[in-house]
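K.L.:
Okay, sequence plus prediction incoming.
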Amino acid sequence: MTELVRSMTTAMRFDFDFKTYGPFLALLALIILGTLVNPAFVSEANMTNMLTRSAFIGIIAVGATFVITAGGIDLSVGSMAAFIAGIMIIIMNTLLGTLGVGWLTILTGMALSVVIGFAAGMINGLVTTRGKIEAFIVTLGTMGIYRSLVTYFADGGTLSLDFSIREIYRPIYYDAVLGIPYPVLAFALVAVAGYVVLNKTRFGRHCFAIGSNEHVAKYSAIHVNRVKTLTYVLQGICVSIATIIYVPRLGSASASTGVLWELEAIAAVIIGGTVLKGGYGRIWGTVVGAIMLTMIGNILNLTDAISNYLNGTVQGAIIIVAVLLQRGNWRRKK
Amino acid sequence: MDGNRQDQNKTILRVKGINKAFGSIQVLFGIDFDVRPGEVHALLGENGAGKSTLVKILSGYLQPTSGTIDVAGRSIELTDSSVGEDQGIVLIHQEFNLAEQLTVEENIFLGREAFRSCFLDKRLMQARSRELLQELQCDIDPDTRVQDLSVSDKQMVEIAKAISRDARVLIMDEPTAVLTTKEVKVLFRLINELKRTGVGIVYISHKLDEIEAIADRVTILRDGHHITTDRTDNLKPDDMARLMVGRGLNDMFPERPPLGGDADVVLKVDNLSVPGHVMDASLELHKGEVLGFAGLIGAGRTALMEAIVGLRERSGGKIFRHGQEACIRSLGDASDLRMAYLTKDRKGCGLLMQMQLRPNLTLLALDQYGRYLIDEERESKALSKAIEEFDIRVGDVSATAGTLSGGNQQKLLLAKIMQIDPEVIIIDEPTRGIDVGTKHQIYMFINELTRQGKSLILISSEMQEIIGLCDRVVVMRSGFVTGTLSGDEIEEHEIMRYATGLKGVERDDRISA
Amino acid sequence: MKLKTTMIAAAAAIALSLPGLAAAKEITTIGVSIPAPTHGWAQGMNWHAKQAKKRLELAYPGLKIILELASDPSDQANDLEDMVSVHKIDGLVILPFESEPLTDPVLRVKKTGAFITVVDRGLSQPGIEDIYVAGNNPELGTISANYIKGRLNNKGDIVVLRGIPTTIDDERVAAFLEGIKGTNIKVLDMKHANWNRDDGFEVMQDFLARFPKIDAVWAQDDDIAIGVMEAVKQAKREKDMFIVGGAGMKGIIKRVMDGDPLIPVDVLYPPAMIATAMDVTVARFMSNGPVSGRYILGSPLITKENAKSYYFPDSPF
């Protein structure tokens, strides 16, 4: 009996830590799957395309990690991205006349994009905290507002960036330094910064505390409302950064820009192991989650083995399995 | 060991040399325990002594790390609670395991329903339920929903359910905790009835008088060790208490030198009001003093303290620190003035249960751990220091706060508020729900703090604590301060008179005016 | 009892005839019900509807047009009920969200005596509409197939980007595949890009990663074509292939007009068909000639030579 118990304990010590490495495992499985499906999957061009694509959702999801860790939720990010993209295009087209065709116009557009993102996040945060309304409802509301505003500005159509300015702006999406495309670089920088802020600073610790138990946070002299509002502001800034690299891709924004990005961002966060009800978050998990989501779409595009109509099924199944991998208790129940 | 063979025949359940460890923490050390048919065997011990763990091992909910279990003389492995039940060992939980929405009959037969072809044999089950309940001399209708039953009736149903499974050993974990005196009598009658039919009963309780009344034998555990097993007749309640705690009851409170009359006033509150809770409360706290706050629950003591440290809105009043008026709008302001508040709601407001000890310890004083980035090494050092200083018993420092026992959580919470190095410490019900040993430790901490020149306000609903620890006592009633007692006035009856409104009546007149 | 029924019937007849009389003398109300824009073509259609409303109301002082956008089929059915009960419409122009669920609601409008014009998507029961105005989805597929066949000399590898999975998409793709049948043109793969630029970009990126040799892309829609174009440019494979879109978006027509080798042609599927439908419906009330029948707008091939006549720089689409 004693012998048996002892050998069991030793065996358990070598158990794989699914909770921590689950997302990586799922990612690895996907990479293997992708390679099997089509060798073109691992080609440099495809990998670069995929990482670049994942940058939008990834950057937004880094912001969402903060919001969700602190116990909130932001459903407005997709339409906020469309809204910011729309405003940015209008502003740059307008500035052409005064500032001319050049980087000055683009930089002004970028700066304003960050300002709008900041303000939009601030609104979400303040209405949630000061107005004491559920974040779900507040951001559901702003989601509709931003979406309809962009439709209004575009007059139901598509807002397109002026051709001349687009030629200058285009490299921000398409060019690379040392073989790393700018969007991937931006994603990496945002992720590293997010990691440091969430795990190494007081603000990050306060996010965890508020997400686990708001009362405890309050009784620990944390300015709960201030921290929560700041998470939405961070989210807004992340959305604006994502928009800055999105606009040069196709140079346009319309009512269909960024549709369902909010759900993709939330899915990336949860796949990465952050707890939806708050209190625990991890940035690197989110990064893996965002890459995985893009990868699934990519792999489906690389094969004709699966009916196009079943894409959603495959996507849904993989997401659930990925989360199961890390949540499931794979040890023998005692 | 000469009566060994005979004993074996007589016992229904016997465990020997039970060890149990969770990870690296051992909670049971070589426990021997047995139950004979038709006896009540009481299991006694402080919180954390290992009673619950032992009981779970007896009923198959947990497996021992080592040791043997014999049922009716046959060695057996209880790999699961259902194996335990098959052997006739049934545990009645403190929180009942009944499906509230189902009827009594459905609950009794839950999981072992009778069938006729493929349909439930309702008639048979009803008849059997009625029979069972009659056997227990209990007049519950089997068709009643469990949610409509009184607590004691629910317990009856639990017992009926156990008997329907042909229980030979019935384990009752604090069965009287939720019962009224009258209901306890019914339970005791039932226990005697069961004894007569040869069922062995393991009875866990804190109430020594009950044990004296009902138990045939007593086993006492302390810190996971078997202390003694003896006939109840041979032990007096006082002996039991001494054996449980390992020390007498009267040296719980440390000796305190009387406070000098000319100590500085470190905190002064004038006419503070909290809308709906407190009216015009004033107090003075001296350096090195323990100022008690007594009163009935809901008298406004917590509201007053929370208002003082900026956790609640206040509608009027002034606060002075060292004679200077202080502006406290948030808990942060209070911390800056070196005032700390230890909440009575440990789980709801005190600690982040699913987080580790380290972030819990430093949460209040996080700005001391690095200007921009948190210095985790310093945090870890602080945790080691706190674990040592406050004797926080934890097997694995990476464990979450929720895995600690109540007493250790309280010590961690105390360590947390001490991180800001406060001069004025307000502690609210610091010993609620913790065992005697830890209580004693907390009293020693309080004493040590005053010796260091810190000043304390102690809210407590335990009269012994107020009397044993405080230099002066403020009594509140319905939001008003009704009196302040000192010296020999600090005495149970006097405090109760103020707390219930028999004294300090002028105040009450003012409420109605 | 009998007397009472007769009286009610008479009263109802008077009540019903009164607004009809009044309308004939003073105001004609036409209801226009279309889906809210979810993709570029629908946006263009919305724009044309608004323009036509402005133009027609200006031209005929006695005309009132109620324009309602619906976000799903049940929403559209509600709109129809409101048009009848609140606005008492004389004519209805409807682009049904889906054929099946809207057949019955339109039939009910018909029973109030209103004149019915159905646009683009036919109802599932024949004979309800007085006028049917539609683009020609199979023709769009056939014309595209014919052009690609000609350019590639019946030989080559192509990829197809499909729209949102609907009947429209199925009809176009079926006709296209029929059109290239019997040639040596090989469809490497088909994926849905949902008439959306971002999806067009991503699907095309993956096609490019997957297939080293692509001679032509049938994007079917101009929004998809824009995404495809960017992906091709990024891969620097503009020289290897050409793209055929569809609809008639101004940006794409401009490129055709300017002779972009990547986008040599476009196939028209005019979002302005809603305006045509509104025109003929109004003509029924404002002119004396009889108006009825089916108006199938062709899907002509837009080339460098004729592009100018399909170019509307003011349209948002």
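P.N.:
Yes, it's here.

K.L.:
what residue ranges in the chain score low on pLDDT?
P.N.:
Just so you know, I chose chain A. Applying pLDDT under 70 to chain A flags residues A:1-17, A:326-334.

K.L.:
not quite, I wanted chain C
P.N.:
Applying pLDDT under 70 to chain C flags the ranges C:1-26, C:289, C:316.

K.L.:
how about the strands of it, start to end?
P.N.:
In chain C, the strands defined using DSSP state E lie at C:28-35, C:63-70, C:91-94, C:115-119, C:131-134, C:155-162, C:184-192, C:216-218, C:242-244, C:266-267, C:293-296, C:301-302.

K.L.:
what do you get for the stretch 51-200 of chain B?
P.N.:
Secondary structure of the stretch 51-200 of chain B (DSSP state E, counting those that start in this stretch): strands at B:66-71, B:74-75, B:89-92, B:115-116, B:119-120, B:169-173, B:200-204.

K.L.:
Can you tell me which of those strands has the worst average pLDDT?
P.N.:
Among the strands of the stretch 51-200 of chain B, strand B:115-116 carries the lowest mean pLDDT, a mean of 77.

K.L.:
wait, what's in contact with the most centrally placed residue in chain B?
P.N.:
Of all residues in chain B, the one closest to the mean position by C-alpha atoms, centre = their mean is B:Gly433, 2.8 Å from it. Going by C-beta atoms under 8 Å, 6 or more residues apart in numbering or on different chains, B:Gly433 touches B:Gly406. (Each C-beta comes from the backbone N, C-alpha and C, glycine too.)

K.L.:
Which residue does the stretch 51-200 of chain C have closest to chain B?
P.N.:
Residue of the stretch 51-200 of chain C nearest chain B, by C-beta to the nearest C-beta: C:Ser74 (37.1 Å).

K.L.:
Could you check how many residues crowd around that residue?
P.N.:
13 (other C-beta atoms under 10 Å in any protein chain shown).

K.L.:
wait, what's in contact with it?
P.N.:
Residues near C:Ser74 by C-beta under 8 Å, 6+ apart: C:Pro101.

K.L.:
what's the distance between it and C:Ser292?
P.N.:
Applying C-beta to C-beta, to the nearest Å, the value for C:Ser74 to C:Ser292 is 29 Å.

K.L.:
Mind telling me what element the residue nearest to the centre of chain B is part of?
P.N.:
Using DSSP states H and E, B:Gly433 falls within no helix or strand.

K.L.:
domain assignment for chain C?
P.N.:
Here the domain parsing of chain C from automatic domain parsing is C:16-135+C:271-286, C:137-267.

K.L.:
There's contact between C:Gly179 and C:Ala145 in this structure, I believe.
P.N.:
Yes: between C:Gly179 and C:Ala145 there is a contact under C-beta atoms under 8 Å: 2.6 Å.

K.L.:
returning to what we had before: pipe the strands of chain C into JSON lines and attach distance to B:Lys56 and mean neighbour count per row.
P.N.:
JSON lines is the format used below for the strands of chain C (distance: least, C-beta to C-beta, whole Å; neighbours: other C-beta atoms under 10 Å in any protein chain shown):
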{"stretch": "strand C:28-35", "distance to B:Lys56": "63", "mean neighbour count": "24"}
{"stretch": "strand C:63-70", "distance to B:Lys56": "62", "mean neighbour count": "19"}
{"stretch": "strand C:91-94", "distance to B:Lys56": "70", "mean neighbour count": "27"}
{"stretch": "strand C:115-119", "distance to B:Lys56": "73", "mean neighbour count": "24"}
{"stretch": "strand C:131-134", "distance to B:Lys56": "75", "mean neighbour count": "21"}
{"stretch": "strand C:155-162", "distance to B:Lys56": "61", "mean neighbour count": "21"}
{"stretch": "strand C:184-192", "distance to B:Lys56": "57", "mean neighbour count": "17"}
{"stretch": "strand C:216-218", "distance to B:Lys56": "68", "mean neighbour count": "26"}
{"stretch": "strand C:242-244", "distance to B:Lys56": "71", "mean neighbour count": "24"}
{"stretch": "strand C:266-267", "distance to B:Lys56": "75", "mean neighbour count": "28"}
{"stretch": "strand C:293-296", "distance to B:Lys56": "80", "mean neighbour count": "12"}
{"stretch": "strand C:301-302", "distance to B:Lys56": "80", "mean neighbour count": "20"}
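
K.L.:
of these, which approaches C:Met83 most closely?
P.N.:
Smallest distance to C:Met83 across those (C-beta to C-beta): 3.8 Å, for strand C:28-35.

K.L.:
who are the neighbours of the closest one, in terms of helices and strands?
P.N.:
On a contact count with 3 or more C-beta pairs under 8 Å, 6 or more residues apart in numbering or on different chains; DSSP states H and E, strand C:28-35 meets helix C:40-59, strand C:63-70, helix C:73-85, strand C:91-94, helix C:273-286.
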